[in-house]
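Chemist: coordinates for the following, if possible.
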Amino acid sequence: MIDPVYVDENSKQKTADFQRLVQRDEVDMVVGYISSGSCKAIAPEAEALEVLTVFFDCGTPQIFEEIVTEPHYTFRTGAHATMDNVAAALYLQQAGVETDSVAGINQNYAFGQDSWRDFSASIAQVYPDSEVATEQFPKIYAGQYGAEISALLTHAPDVIHSSFWGGDMEAFIIQGAGRGVFERSSVVLTTGETAMHRLGAQMPEGTIIGARGPHGELAPESELNTWFRAAYFDRFGTLPTYPSYKMAQALLALKSASDLAGSVDRDALIEALTGLEWEGPSGMVSMALANGHQAIQDTAYGTYRYNSDTNQATLVDVIRFDAECVNPPVGVNSIDWINGGFEGANCE
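Modeler: Purely as a prediction, here's the structure:
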């Protein structure tokens with residue numbers, strides 16, 4: 001029997017909350033964290049307290065490349081954000097999008113900074129003559145983006161990249177669309193899938209949409225995915241978006257590890273999770289990086305279309321990328337791999 005203990009991640013005392021879970025509540029494992037800032041704080045603490053901790057999302061590649069370089073108790077069951085941004089650049093290339101100049105508007109913390117770093121570096125490889133028009137880094141949860149939108153309109157880049165997520169992303173879409181940003185530039189939203197059905201007709205046509213992996217509308221057809229979408233809709237009255245897919249992916253990883261180990265003992269689960277391959281609603285996942293503690297998987301991007309006849313949000317011109325094409329090889333840091341021309345990438 002599983003006895004869950006819930007803690008709101010939106011706390012100013014993330015480390016203290018984690019310590020209470022382990023030391024007071026005596027939990028056997030911790031699963032969670034969507035924010036890169038949270039994972040940066042929690043990863044060293046998980047190793048110090050020797051508690052099995054599974055990050056289900058948090059995109060920054062820093063976690064195992066810089067923060068905890070020899071993890072034992074910490075795992076991430078979703079791919080990091082380098083995949084999102086390499087794939088975004090490749091999508092632009094394969095879709096034939098004009099990319100003489102690019103700009104970024106990203107939140108000023110680890111996820112936004114790393115996302116822009118990886119995207120702009122990937123663009124430099126894919127489009128070596130492309131120029132960066134402007135880089136905008138508003139504070140996370142700022143909500144109002146008038147000055148940044150003015151800068152984007154002034155520079156008029158061919159492509160605008162944003163890793164905004166949640167309310168910040170939706171606010172930027174509504175404010176930017178009202179001022180013509182999406183008409184003047186091709187806009188890439190690496191997490192845009194979460195807003196598709198919420199915004200509907202308010203999401204500008206032609207926006208390039210990602211889902212931090214092959215999740216949501218980008219998930220491959222499978223019996224498991226069909227079941228997951230139906231069960232989720234029946235319970236919540238809405239379709240699952242990528243955070244729900246990634247949490248399901250994390251829980252299924254633990255179930256697969258438990259089945260493999262024949263045990264829920266901490267050390268047995270750690271051994272089974274290390275290097276694990278399993279199937280989630282988004283397809284196959286492999287703990288291929290960081291000595292078997294960091295997942296990789298395929299990904300995809302598509303272009304937004306709203307069907308006014310059926311009032312449905314859809315994606316067209318979907319392009320899929322194999323995991324080995326858009327994730328760094330074993331033992332190579334993300335930015336070094338990108339700057340080295342994606343050496344070792346398998347994009348067949």
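
Chemist: which parts of the stretch 151-300 of the chain are helices?
Modeler: For the stretch 151-300 of the chain, the helices defined by DSSP state H, counting those that start in this stretch cover 166-178, 181-184, 196-199, 223-236, 242-261, 266-273.

Chemist: quick one: the strands in the chain?
Modeler: Taking DSSP state E to define them, one finds strands in the chain at 29-32, 52-55, 74-76, 101-105, 131-136, 159-162, 186-189, 208-209, 277-280, 283-289, 294-296, 299-307, 312-321.

Chemist: Val332 is nearest to which of those strands?
Modeler: strand 283-289 (9.2 Å; CB to CB). In this view, the C-beta of every residue, glycine as well, is placed from N, C-alpha and C.

Chemist: give me the most central residue, the protein.
Modeler: Arg212 (3.3 Å; CA atoms, centre = their mean).

Chemist: ok, the nearest residue in space to Phe164 that is not next to it in sequence to Ala288 distance?
Modeler: Of all residues not flanking Phe164 in the chain, Phe172 sits nearest, at 5.4 Å (CB to CB, 6 or more residues apart in numbering). The gap separating Phe172 from Ala288 is 33 Å, by CB to CB, to the nearest Å.

Chemist: compare the two (neighbour count), which wins?
Modeler: Between Phe172 and Ala288, Phe172 has the larger neighbour count (other CB atoms under 10 Å), namely 26 against 21.

Chemist: so that one touches Ser162, yeah?
Modeler: Yes. Between Phe172 and Ser162 there is a contact at 6.6 Å, judged by CB atoms under 8 Å.

Chemist: quickly list what's touching both of these two.
Modeler: Jointly contacting Phe172 and Ser162 under the rule CB atoms under 8 Å, 6 or more residues apart in numbering are Ile105.

Chemist: give the contact list for Ile123.
Modeler: Under the criterion of CB under 8 Å, 6+ apart, the neighbours of Ile123 are 89, 92, 99, 102, 130.

Chemist: tabulate those residues (a markdown table), appending neighbour count and pLDDT.
Modeler: Rendered in a markdown table, the data for the contacts of Ile123 read as follows (neighbours: other CB atoms under 10 Å; pLDDT from 0 to 100):
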| residue | neighbour count | pLDDT |
| --- | --- | --- |
| Ala89 | 28 | 98 |
| Leu92 | 26 | 98 |
| Thr99 | 19 | 96 |
| Val102 | 28 | 98 |
| Ser130 | 20 | 97 |
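
Chemist: distance to Thr69 added to the residues you listed, as CSV?
Modeler: Below are the contacts of Ile123 laid out as CSV (distance: CB to CB, whole Å):
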residue, distance to Thr69
Ala89, 27
Leu92, 32
Thr99, 34
Val102, 31
Ser130, 33
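
Chemist: what's the closest of the residues you listed to Ile2?
Modeler: Nearest to Ile2 among the contacts of Ile123, with distances taken as CB to CB, is Ala89, at 40.9 Å.

Chemist: right, and the closest one touches Trp116 too?
Modeler: No. The criterion here is CB under 8 Å, and Ala89 misses it with Trp116 at 11.8 Å.

Chemist: quick revisit: and of the strands of the chain, who's closest to Pro220?
Modeler: strand 283-289 (5.0 Å).

Chemist: the closest one: how far from the chain's middle?
Modeler: 15 Å (CA atoms, centre = their mean, to the nearest Å).

Chemist: quick check: buried residues in that strand?
Modeler: Going by neighbour count (16 or more other CB atoms under 10 Å), the buried part of strand 283-289 is 283, 285-289.

Chemist: with adjacent residues omitted, what lies nearest to Gly78?
Modeler: Gly78 sits nearest to Lys246 (CB to CB, 6+ apart), 4.7 Å away.

Chemist: and that neighbour, what does it touch?
Modeler: Contacts for Lys246 were tallied using CB under 8 Å, 6+ apart; they are 56-57, 77-78, 212-213, 215.

Chemist: list just the nearest of the residues you listed to Thr310.
Modeler: Closest to Thr310 out of the contacts of Lys246 is His215 (22.3 Å), distances taken as CB to CB.
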